[in-house]
Every structure is written in structure tokens, then in C-alpha cells.
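**Student:** With the sequence up front, the predicted model follows.
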Amino acid sequence: MRAIVTTRNGNVGVMKVEERPDPVPTQGQVAVRVKAAGLNFADILARQGLYPDGPAKPCIMGYEVSGLVESVGDGVERTLIGKPVIAMTRFNGQAELVAVSSAQIFEKPDGLSFEQAAAIPVNYLTAWALLVSMGGLKKDEAVLIHNAGGGVGLAALDIAKHIGAKTFGTASASKHEFLRQRGLDHAIDYRNQDWLPVLIDLTQGKGVELVIDPLGGDSWKKSYRALRATGRMGVFGMSVASASGIRGKLRALKAVAQMPRFNPLALMNRNKGVFGLNLGHMWGEGEKVRGWTQEIMRGVAEGWVQPYVDRAFPFDQIADAHRYLEARKNTGKVVLVP
């Protein structure tokens, strides 16, 4: 099979499309012929050497795929062969074939293309955990979605709209009209103005009940200040550290130095909460994640989950795909197709 291999830490030149042995499903596994694989910011950080959970290099990245079940291991019903599925993978997804546990696959909805289906697992599970399971967002509460035009941002917008929350989102001005069409109540241009006073003005000085922030560093201080009483902040990344080589390590150190230090007594006195999410550390909670996925699939069937794919890059254009995502040119999901 062909696979995208990250050969070492570095810039986009370290990724190669190579021939690798076809995986053979073992007990309880299925082999999926990949039609589309998701690309996430964690893949960029892993390539740069800034993602501690990434596998040792050389490696094949990829947390999510859609495709057809090609073969099954012992203990798995052969009737699955040929079925279109969505699969969550613990790496190895950016390849023509991947072997995964049968517990990690879900039937692909007929109404979704393979590219749209590959946009569901990471983005929508992340958004569901942040807004529903941990953030406890309620109808008529206000939520600020940072990077609202990205994959997680659009997923969070779908979920927040379904809940009936009031939505605010930071994004570059070129994405505002699209976001309004998707239902965002208030778009804020974070590149050409300080978003915090704009948000405070829009909320008549109150702030919001929930902020989800993948940026890290000093942004977490501002996001915390954006919370009103009983507000919650969910952090799930540190994208401000993104850069290759020494520059990346220096940016990461700067981001860590700028992070706020939350004191339990201060949280108590201000009636605010802070929580973190790393979806890659949820593999031991399969039953819980499966329940979230079932709710998201129900959303697909009911029409309020609408995965949006910005671009699909062939494997051979993996360097361009990384550059595109790293520059935040995408509106919605970027996927890879063999």
C-alpha cells in the first residue's frame, strides 16, 4: 500500500509517500480501504516535533478515515466486508489501508460523501466533548468559539446552534460571510482588532458562559477574562506554538511562559471554571466516546450535523495540504485522498 510517512521532525519536506506492507487485521480487527483521511493540526505539530503524543518517527499519522471494509480478523462478522464505514484510528490512517478494532468503526451515513465522513470523528467528537460533556452549554447561554472557521469551529457551531445557544466566533474577515450563512450570530475579526473588547461590547459588558480555545499562551488569559460568572473555559490545543525546528521550540517555550496559572481559590471566588481536553487520551473511554458518536450520527440523520470539507488533497500533495492548514487558509475540514 501507499502511505504518507513522516520520516523525521522538520518542515514539509520530511513527509514522503512510500510503499509499506498491507496491514493484516488480527483478532477483533477490520482492514479498511481508505477513501479519505482527515488532516488535523496535531499532524502538523507532530511533524514539527511539538506533539508529545505522536508516534516515534518514521511514522504514519492519521486519527480518522472513511472507506470500505476490505477484510476482517477472527471474531468479526464477515458481513462487514464491503460496508462503507467511518473509523477512528490511533495513527496509521493516512494510508491506503488501515487495520482498526471493529469497536472503532461506524456505519457511514448514505447522505455523506467519503470526504465528508472523514471530517466527523476528530472535529465533532472534540466539539461535543467541549460543548456538551464538559462545557455543559445550555439553551440561551453564550459561547465564544475561537478559530470558528476551522474544522472544530464549524463542528462546535453546528452543535451550539442545535442547543440553542448564542454564538460568537473569532475568524479572519474573509470567512465572516460564510460563517454567517452557517448560522454564527456574531463574527469577530481577530487579526485586525483586539477581539476581547469587541466581545465585551457585544455582550453588554457581561461576557460569555463558555469559551473554547485551541490557541494557548496568552490567549488563555484573555479567554478567561471573557467569562461571566459561572463561565467555563475549555482548552484543547496550543496552535500558537506551531513552527518547525528551533523556532518552533522557542515559540512553544514562549507560549508556556505566557500561560495563566489558575489558582483554585481564585476560581472559587470568581465563580469560573477551566477544563482541558485531549481527545487522543480518550482511548480508554471507548464506551463513552461511542455514545458521543451515536449522538453525532443522530445529528447527521436529523440534518443539524453538516460536516464541511474545504479541500481534498491527494496523498502526493501532502506538503501543500500541511502548508494550507498551517496558514489557516481553510474554512472547515482538510482531508487527504489516496
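**Tutor:** All right, it came through fine. Numbering: from 1, shown residues only.
**Student:** export the helix or strand hosting Leu144 as CSV, just CAs?
**Tutor:** According to DSSP states H and E, Leu144 maps onto strand 142-145. Provided in CSV are the C-alpha atoms of strand 142-145 (Å, rounded to 0.1, in the frame of the first residue of the first chain):
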residue,chain,number,x,y,z
ALA,A,142,-23.4,32.4,25.1
VAL,A,143,-20.4,30.7,23.7
LEU,A,144,-17.2,32.1,22.1
ILE,A,145,-15.7,29.8,19.5
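**Student:** Identify all contacting residues around that strand.
**Tutor:** By C-beta atoms under 8 Å, 6 or more residues apart in numbering, the residues outside strand 142-145 that reach it are 131, 135, 137, 153, 156-157, 160, 165-170, 184, 199, 203, 206-212, 223, 226. (Glycine included, C-beta is placed from N, CA and C.)
**Student:** After that strand, which helix or strand is next? Please name it.
**Tutor:** Going down the chain from strand 142-145, the next helix or strand is helix 151-163, by DSSP H and E.
**Student:** Heading C-terminal from that following helix, find the next helix or strand.
**Tutor:** Counting by DSSP H and E, the next helix or strand C-terminal to helix 151-163 is strand 166-171.
**Student:** ok, Gly82 - contacts?
**Tutor:** Gly82 sits next to 68-69 when contact means C-beta under 8 Å, 6+ apart.
**Student:** So it: helix, strand or coil?
**Tutor:** Following DSSP: H, G, I helix; E, B strand; the rest coil, Gly82 is assigned to coil.
**Student:** Look up the pLDDT of it for me, please.
**Tutor:** What the model reports as pLDDT for Gly82 is 98.
**Student:** Same check on Ser244?
**Tutor:** Reported pLDDT for Ser244: 57.
**Student:** again, but for Asp53
**Tutor:** We have a pLDDT of 89 for Asp53.
**Student:** Near the nearest residue to it once chain neighbours are set aside, how many other residues are there?
**Tutor:** Using C-beta to C-beta, 6 or more residues apart in numbering and skipping the chain neighbours, the partner closest in space to Asp53 is Gly280 (5.0 Å). Applying other C-beta atoms under 10 Å, we find 15 residues neighbouring Gly280.
**Student:** What is the burial count for Lys16?
**Tutor:** 13.
**Student:** Secondary structure of it: a helix, I assume?
**Tutor:** No - Lys16 is assigned strand when assessed by three-state DSSP, not a helix.
**Student:** Do I have it right that it meets Arg2?
**Tutor:** No - if you go by C-beta atoms under 8 Å, Lys16 and Arg2 don't touch, sitting 10.4 Å apart.
**Student:** just the helices in this protein please.
**Tutor:** For the chain, helices defined by DSSP state H occupy the ranges 41-48, 114-117, 121-128, 151-163, 176-181, 195-202, 219-225, 245-258, 264-270, 286-302, 318-326.
**Student:** ok now the first one, how far from the chain's centre?
**Tutor:** Here helix 41-48 is found 12 Å from its chain centre; the criterion is C-alpha atoms, centre = their mean, to the nearest Å.
**Student:** for the third one, same thing?
**Tutor:** Relative to the mean C-alpha coordinate of its chain, helix 121-128 is positioned 6 Å out (C-alpha atoms, centre = their mean).
**Student:** Report the buried residues of it.
**Tutor:** 121-128 (16 or more other C-beta atoms under 10 Å).
**Student:** Same check on the last one?
**Tutor:** Residues of helix 318-326 classed as buried: 318, 321-322, 324-326 (neighbour count, 16+ other C-beta under 10 Å).
**Student:** cool, and the fifth one?
**Tutor:** Residues 176, 178-179 are the ones in helix 176-181 that count as buried (16+ other C-beta under 10 Å).
**Student:** Over to the longest one?
**Tutor:** Within helix 286-302, the residues scored as buried using 16+ other C-beta under 10 Å are 289, 292-293, 296-297, 299-300.
**Student:** So for it, mean pLDDT?
**Tutor:** Helix 286-302 carries an average pLDDT of 96.
**Student:** now swap in the last one and tell me
**Tutor:** Here helix 318-326 scores 97 as its mean pLDDT.
**Student:** likewise the second one?
**Tutor:** Taken as a whole, helix 114-117 has an average pLDDT of 98.
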